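*Asks:* Quick one, structure for this:
(one chain, ligands or ions: 2)
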Amino acid sequence: MQKPTRIAPSILSADFAKLGEEVRAIDTAGADYIHVDVMDGHFVPNITIGPDVVKALRPHTKKVMDVHLMITPVDPFIKAFADAGADIITAQIEAGPHPHRTLQAIRAEGVKAGISLNPSTPESSIEYLYDTLDLILVMSVNPGFGGQSFIYSQLKKIEAIRARIDALGLDIDLQVDGGVNRDIAPQCIAAGADLLVAGSATFKGGPSAYAENIKALRG
Ligand code: DX5
Ligand code: ZN
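*Replies:* Ligands and ions are numbered 1, 2, ... in the order given. Next comes the predicted model:
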């Protein structure tokens, strides 16, 4: 069943010189989740932040800390992000040969488990993972950077996964990430997404614009 739309601003687009202040600002502005993009310069062509930054940000918000790991390997780092305060840890299905084991390891830390699919990865790849999932992330850009353009072919994937979640009667967040803005958000929701990541669309215009940006995304 598609849940009410929640907004997960990606702090990749925040001012990295004042991340604590930025997290407090988007929390106050109405963010439902805080989306933390972790990149290793190996799985994706960019390097961002690690578990120590998640730990530093944890006291600044009570909202869901939604950690998106664009790293490989994943398993050696799960405990560090769980201990740092992640509420959800999402791994890329392409990051290694044993995604089922990775999801089990995330849940074993008492953290919700998510899987993320890059634009070229078909929804069939998660057919045997639904019973180990709390969140499915459909990447609508090739991961690595904020401010990219939305890849429209992913709407069909969102529809297919929504149908599968509903057919199985499961309670799984269906998240879309990359290039989402106030014009594209309604198309993602209509396709079946109920959790929207937005970096540049949230942070554009500075702190005084955050509340209106988030409201516009929620529709
Ligand atoms: C892309 C990241 C996304 C990105 C979203 O690699 O995974 O979360 O930060 O940023 P926008 O919304 O600007 O595309
Ligand atoms: Zn992300």
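*Asks:* Near ligand 2, which residues of this protein? Just list them.
*Replies:* 37, 68, 177 (CB under 5 Å from the ion). Bear in mind the C-beta positions are built from the backbone N, C-alpha and C, glycine included.
*Asks:* Now the buried members of those.
*Replies:* By neighbour count, with 16 or more other CB atoms under 10 Å, those hold 37, 68, 177 as buried.
*Asks:* Tell me which helix or strand the second one sits in.
*Replies:* Using DSSP states H and E, His68 sits in strand 64-70.
*Asks:* Identify all contacting residues around that strand.
*Replies:* With contacts defined as CB atoms under 8 Å, 6 or more residues apart in numbering, strand 64-70 is touched by 8, 10, 32-40, 43-44, 54, 57-58, 77, 81, 85-92, 95, 114, 116, 135, 137, 143-144, 177, 197.
*Asks:* Just the closest residue of this protein to ligand 1, please.
*Replies:* When distances are taken as CB to the nearest ligand atom, the chain reaches nearest to ligand 1 at Gly199, 2.8 Å away.
*Asks:* measure the residue of the chain found nearest ligand 2 to Asp183 for me?
*Replies:* As assessed by CB to the ion, ligand 2 sits closest to His68 within the chain, at 3.7 Å. Computed as CB to CB, to the nearest Å, the His68 to Asp183 distance reads 23 Å.
*Asks:* Met1 too?
*Replies:* Counting by CB to CB - Met1 and Asp183 are separated by 26 Å.
*Asks:* Asp75 versus Gln104, what's the distance?
*Replies:* 10 Å.
*Asks:* Just to check, Ala86 is in contact with Gly114?
*Replies:* No. Using CB atoms under 8 Å as the test, Ala86 is too far from Gly114 to be in contact (10.3 Å).
*Asks:* check the contacts of strand 64-70 against ligand 1, which are close?
*Replies:* 10, 35, 37, 143-144, 177, 197 (CB under 6 Å from any ligand atom).
*Asks:* Now intersect the residues you listed with the strands, please.
*Replies:* Among these, the members found in strands (DSSP state E) are 35, 37, 177, 197.
*Asks:* pLDDT score for Gly219?
*Replies:* Gly219 is assigned a pLDDT of 86 by the prediction.
*Asks:* who touches it in this structure?
*Replies:* 5, 182, 185-186, 189.
*Asks:* three-state assignment of Leu137?
*Replies:* strand (DSSP: H, G, I helix; E, B strand; the rest coil).
*Asks:* pretty sure it is touching Ile172, no?
*Replies:* No. With contact defined as CB under 8 Å, Leu137 does not reach Ile172; the gap is 10.7 Å.
*Asks:* and these two? which has more neighbours close in?
*Replies:* Leu137 (29 against 21; other CB atoms under 10 Å).
*Asks:* Can you name the residues bridging to that one?
*Replies:* Ser116, Gln175 (DSSP bridges).
*Asks:* Contacts only, for it.
*Replies:* Contacts of Leu137 (CB under 8 Å, 6+ apart): 68, 90, 114-117, 175-177, 197.
*Asks:* Work out the gap between the helix ranked longest in the chain and the centre of the chain.
*Replies:* Longest among the helix segments of the chain by residue count, using DSSP state H, is helix 154-168. Chain-centre distance of helix 154-168: 17 Å, with CA atoms, centre = their mean, to the nearest Å.
*Asks:* ok, and what's touching that helix?
*Replies:* By CB under 8 Å, 6+ apart, helix 154-168 touches 1-2, 117, 119, 122-123, 126, 130, 136, 138-140, 172, 174, 176, 187-188, 191-193.
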